[in-house]
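In: Pasting the sequence and the predicted coordinates here, then a few questions.
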Amino acid sequence: MKTFKGLGSVPHGFGPSAVTIGKFDGVHRGHRAVVERLRSIAAADDLRSVVVTFDRNPLALLAPEKCPESLVSVRQKLELLGSTGIDATLLLPFDRALASVPATEFVERVLVDTLGAKAVLVGGDFRYGARGAGDVDLLIALGGAFGFTVEVVDDVRPGDDRRVSSTWIRELLAEGDVRHATELLGHTPTVSGIVVHGAKRGRELGYPTANLSPESEGLIPADGVYAGWLTDAGTRYPAAISVGNNPTFKGVQKQVEAYVLDRELDLYDHVVDVEFVDRLRGMVAFTSIPDLVDTMRDDVDRSRKLLTDPREVPA
């Protein structure tokens, strides 16, 4: 996949193309359904498949107090989009200049002049242009004028009539329900970050952990203990993962720390991915260190069993 950062980085004469536009936060199953249809149209009509997205949620600029946390960082989003098989992503900086572009001018500059769009796919609630003045009806009319078709893609509704959305996935992660979040995402919730030095309490207790820097990427799920995976330099290791401030000890800030099962690795200063497969339990304050160690041992055993047999459901 090619990544173009800003309109100016797209080569002159790029296209013709099939295009979809959106925030693509999480690149979840709903997004993937759009991309799959996009690729199908592009293949049938010999077009380039292109996703247009933004370097931040537009609300971060327009209404910061209403802007939710992103499910993934820009880097993670681009990697996830790259895994879908599209030809290119156009990443637009959402600044005051872009926010003030009228709807018709946005379509002409981005879709027509830059990408040579012949087919455009959007959701039914798609809005664009200054103050969100552009809607699907206007887009269809502009398509007639500029020579592109418009297809409205249906929402993905997995059985309970609620559409797959980034909002729903955030709710699940806030509850620690990473298993359900994985179903909606189509991939495992993942946090990426550099491994930093901690208080080394895990090592003293026999379970050395990789502590992620607070400046990690990706939305961290609710406090608790999870079974999951740690990936370092392309190698994936089973892990038991703790999220929270570890209330057994005073003065511990919220952190993500992963114990790689049955092996000790030197991961300091490595950038790793931590995937959350299932939640084992909530965060607990223990009255004694032996009780804590016994529970950690049980967490490790349950993680090993769950990761060996994904059908296993925590008690």
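Out: Done, it's in.
In: My understanding was that residue 255 contacts residue 197; is that so?
Out: No - under the criterion of C-beta atoms under 8 Å, residue 255 makes no contact with residue 197, lying 11.7 Å away. (Each C-beta comes from the backbone N, C-alpha and C, glycine too.)
In: Show me the helices in this protein, by range?
Out: 29-45, 59-62, 74-82, 96-99, 103-106, 136-146, 166-175, 178-185, 201-204, 289-308 (DSSP state H).
In: Quick check: which helices or strands does the fourth one pack against?
Out: Read that as helix 96-99. helix 59-62 (3 or more C-beta pairs under 8 Å, 6 or more residues apart in numbering; DSSP states H and E).
In: measure residue 81 to residue 2 for me?
Out: To residue 2, residue 81 is 11 Å away according to C-beta to C-beta, to the nearest Å.
In: where do the strands sit along the protein?
Out: Secondary structure of the chain (DSSP state E): strands at 2-5, 17-21, 48-54, 88-92, 117-122, 149-152, 190-196, 210-212, 224-232, 235-244, 255-260, 271-281.
In: Compare the ones you listed and report which one is nearest to residue 180.
Out: In terms of C-beta to C-beta, the element of those nearest to residue 180 is strand 271-281, at 10.0 Å.
In: Tell me how this structure divides into domains.
Out: 2-152, 189-308 (automatic domain parsing).
In: Residue 254 is in contact with residue 222, correct?
Out: No - between residue 222 and residue 254 no contact is recorded; they are 10.9 Å apart, counting by C-beta under 8 Å.
In: For the two, list the residues in contact with both.
Out: Common neighbours of residue 222 and residue 254 (criterion: C-beta atoms under 8 Å, 6 or more residues apart in numbering): residue 243.
In: quick revisit: which of the strands of the chain sits closest to residue 182?
Out: It's strand 271-281; of these, that one is closest to residue 182 (C-beta to C-beta) at 7.4 Å.
In: Run through who's touching the closest one.
Out: 176-179, 182, 188-195, 210, 212, 221-222, 224-232, 239-241, 256, 258, 299, 302-303, 306-307, 310, 313-314.
In: Can you tell me how far the nearest residue in space to residue 15 that is not next to it in sequence is from residue 147?
Out: Leaving out its chain neighbours, the residue that sits closest to residue 15 by C-beta to C-beta, 6 or more residues apart in numbering is residue 116, at 2.4 Å. For residue 116, the distance to residue 147 (C-beta to C-beta) stands at 10 Å.
In: So, low pLDDT: which residues of this protein?
Out: Within the chain, the stretches with pLDDT under 70 are 160, 199-206, 246-253, 309-315.
In: go again using 80 as the cut-off
Out: Along the chain, segments meeting pLDDT under 80 span 159-161, 198-206, 245-254, 285-289, 291, 309-315.
In: Could you check how far residue 212 is from residue 38?
Out: Taking C-beta to C-beta, one finds residue 212 at 34 Å from residue 38.
In: oh, I was asking about residue 164
Out: 17 Å.
In: Comparing those two, which residue is more hemmed in?
Out: Applying other C-beta atoms under 10 Å to residue 164 and residue 38 shows that residue 38 carries more neighbours, namely 26 against 22.
In: The more buried one and residue 22 touch, don't they?
Out: No - the criterion here is C-beta under 8 Å, and residue 38 misses it with residue 22 at 11.2 Å.
In: Now the common contact residues for these two.
Out: Counting by C-beta under 8 Å, 6+ apart, the residues touching both residue 38 and residue 22 are residue 51.
In: ok so, going back, for the residue nearest to residue 15, what are its contacts?
Out: Residue 116 touches 13-17, counting by C-beta under 8 Å, 6+ apart.
In: Which of those residues ranks first by neighbour count?
Out: Neighbour max across the contacts of residue 116 (other C-beta under 10 Å) = residue 17, 26 neighbours.
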